[in-house]
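Peer 1: coords please:
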Amino acid sequence: MQLRRVRVTHLAFTLALSTALACAAFGAVAGSAMAGGVPSRDSYTVNVSPTSVQKDSSTTFDFAMANTSTPGRTIGAAAITPPLGFRVTGASLPVGAKGHVYVWFNVVLLDHLSVAPGSTLDIAVTATAPSRCNTPFNRWFTVATGGLFGELMFPDPSSSLTTNVTCANPAAGLKFVSQPSNSTVNQDITPAVTVDVVDSGGTLVNSSAPVTIALGTNGGNGNLTGTLTENAVNGVATFSDLQIDQPGFGYTLAASSGALSGATSDPFSESNSTSTDCSTVTPGDQCTTDLGTSVSNLAISADPSAGTINESVDVGSPLVCPNQRISFDSNTYGFSETGTADKTLTYELFGLNGDQTPEVEICFGAPYEFVNSEGGEAASGTLPDGSPGFVDLLPNCDDEFEGIGPCFDTPEPFTDGHSGLSVTVHVPGALATGAPADPSMHG
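Peer 2: Numbers count the residues shown, from 1 in each chain. As a prediction, this is how the structure comes out:
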């Protein structure tokens, strides 16, 4: 019986609060009209967002209630009434905020607040928009007082309290907007990948649907890690920590979300990179390291005087040779190396048979001039990083030429039985001092 009395008392209190604030709201509107809309010294502003929602959709609105009164005038209670046709389903205050919030007969009621002058309270209100679109009833009404039965405060007429209902098409599919870029293995793909939730015409819709990312085409037998499911915010899902652990080219991402039509990204590449400190190698020995992609390997060796040599695989920016004499397919790839000592670069080209040995040539790019396969000067061209340089086919090494400039040895078939060729490129350190050599192998 005691519990019943508590419930009745709470019901009576809530009803009294609703009635009091509803009356206060009427008085505020009437008083504001009589005063010509000029706010008194006890005033506040309220701005609501978003200002546009789709019909029949549930949206969480943010009401930023700012106390613009003179010092000493605290907002202690408030009420928010939705536009005609909106159905309020929930309301809450920020964690740690002082006060209570209730939903009573579609009105949001707040008491025991303590919003000081100059402060703003953000109130979250979840409401479902009506099924009609061009309804003229789109304005929220608010009232604030110094307490439950405290002095009435007047809303500033500059407050924005309108929410339009739109007839936007429903969500139908997904679309990659910020495409994945070429990246380095085990590092975040930057900038962040974004996927839009769109209607049948490809227009962004306001949605909070969960979107999941997975590998589409696996260009290097890699694994995709990071946060693979993100909830869309205003229709946009953002993936900022995606990584792939294996180098390769032709990777794609696939986006999905329930029954929506999925989307596939543009292809991109993952590069491998490493640094080798040759200064720790015993004089007379060679400093070596290996890099690889899904289709090729690179082994580099240099003298100890090379210091630290940096190598990276750039599978997405092949060089373009002006004098190429063979047709290059999509399996082109490139490597970049820096260092000051003589370097011997050994490439492994998988998927080529021994009969193609005479067909293999080396398209080489560097920021310095060198002799091409015709014995003349290399042509001007663009290096993989976009900078100007010299690009041309390398000559084959012989006793007369080796040591003068970059050259390559005649390719040899693998001896372990698998299909492919081994090609060695020699880069004299005198040419490469202080400048990178960016060769790209084509078979």
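Peer 1: any idea how far the residue nearest the centre of the chain lies from residue 235?
Peer 2: Central residue check for the chain by C-alpha atoms, centre = their mean: the C-alpha nearest the mean position is that of residue 192, 1.8 Å away. Using C-beta to C-beta, to the nearest Å, residue 192 is found at 16 Å from residue 235. C-beta coordinates here come from the backbone N, C-alpha and C atoms, glycine included.
Peer 1: picking up where we left off before, and the residue nearest to the centre of the chain, what does it touch?
Peer 2: Under the criterion of C-beta atoms under 8 Å, 6 or more residues apart in numbering, the contact list for residue 192 reads 178, 238, 239, 240.
Peer 1: Looking at these, state which has the most neighbours.
Peer 2: residue 239 (23 neighbours; other C-beta atoms under 10 Å).
Peer 1: Tell me what that one is bridged to.
Peer 2: Residue 239 has these beta-bridge partners by DSSP bridges: residue 193.
Peer 1: for the stretch 201-350 of the chain, which spans come out with low pLDDT?
Peer 2: When residues are selected by pLDDT under 70, those of the stretch 201-350 of the chain lie in 293-296, 313-318, 325-341, 347-350.
Peer 1: where along it do the helices fall?
Peer 2: For the stretch 201-350 of the chain, helices defined by DSSP state H, counting those that start in this stretch do not occur.
Peer 1: Give the full set of residues in contact with residue 204.
Peer 2: Taking C-beta under 8 Å, 6+ apart as the contact definition, residue 204 lies against 196, 197, 198, 235, 236.
Peer 1: if you set the cut-off to 6 Å instead, what comes out?
Peer 2: 196, 198, 235 (C-beta atoms under 6 Å, 6 or more residues apart in numbering).
Peer 1: how near is it to residue 51?
Peer 2: Where residue 51 is concerned, residue 204 sits at a distance of 16 Å (C-beta to C-beta).
Peer 1: before we move on, what about residue 201?
Peer 2: Between residue 201 and residue 51 the distance is 23 Å, computed by C-beta to C-beta.
Peer 1: higher neighbour count, these two?
Peer 2: Applying other C-beta under 10 Å to residue 201 and residue 51 shows that residue 51 carries more neighbours, namely 13 against 7.
Peer 1: For that one, list the residues it contacts.
Peer 2: With C-beta under 6 Å, 6+ apart as the criterion, the residues that contact residue 51 are residue 163.
Peer 1: repeat that with 8 Å
Peer 2: Neighbours of residue 51 in contact, by C-beta under 8 Å, 6+ apart: 160, 162, 163, 164.
Peer 1: and what of residue 241?
Peer 2: Counting by C-beta under 8 Å, 6+ apart, residue 241 makes contact with 188, 226, 227.
Peer 1: Let me know the closest of these to residue 132.
Peer 2: Nearest to residue 132 among the contacts of residue 241 is residue 227, at 38.4 Å by C-beta to C-beta.
Peer 1: number of nearby residues for that closest one?
Peer 2: Counted with other C-beta under 10 Å, the burial measure for residue 227 works out to 11 neighbours.
Peer 1: Could you verify my assumption that it touches residue 243?
Peer 2: No. In this structure, residue 227 is not within contact of residue 243 by C-beta atoms under 8 Å, at 10.6 Å.
Peer 1: Identify the residues contacting residue 283.
Peer 2: Contact analysis of residue 283 by C-beta under 8 Å, 6+ apart lists residue 304.
Peer 1: Quick check: bridge partners of residue 251?
Peer 2: As assigned using DSSP bridges, the partners bridged with residue 251 are residue 268.
Peer 1: returning to that earlier point: closest one to residue 408 out of the contacts of residue 204, please.
Peer 2: residue 196 (47.4 Å).
Peer 1: The closest one is in contact with residue 236, isn't it?
Peer 2: Yes. With contact defined as C-beta under 8 Å, residue 196 reaches residue 236; the gap is 5.7 Å.
Peer 1: Mind listing the shared neighbours of those two?
Peer 2: Jointly contacting residue 196 and residue 236 under the rule C-beta under 8 Å, 6+ apart are 177, 204.
Peer 1: Name the residue in the two with the higher neighbour count.
Peer 2: Neighbours per residue (other C-beta under 10 Å) separate residue 196 from residue 236, with residue 196 holding more: 24 against 17.
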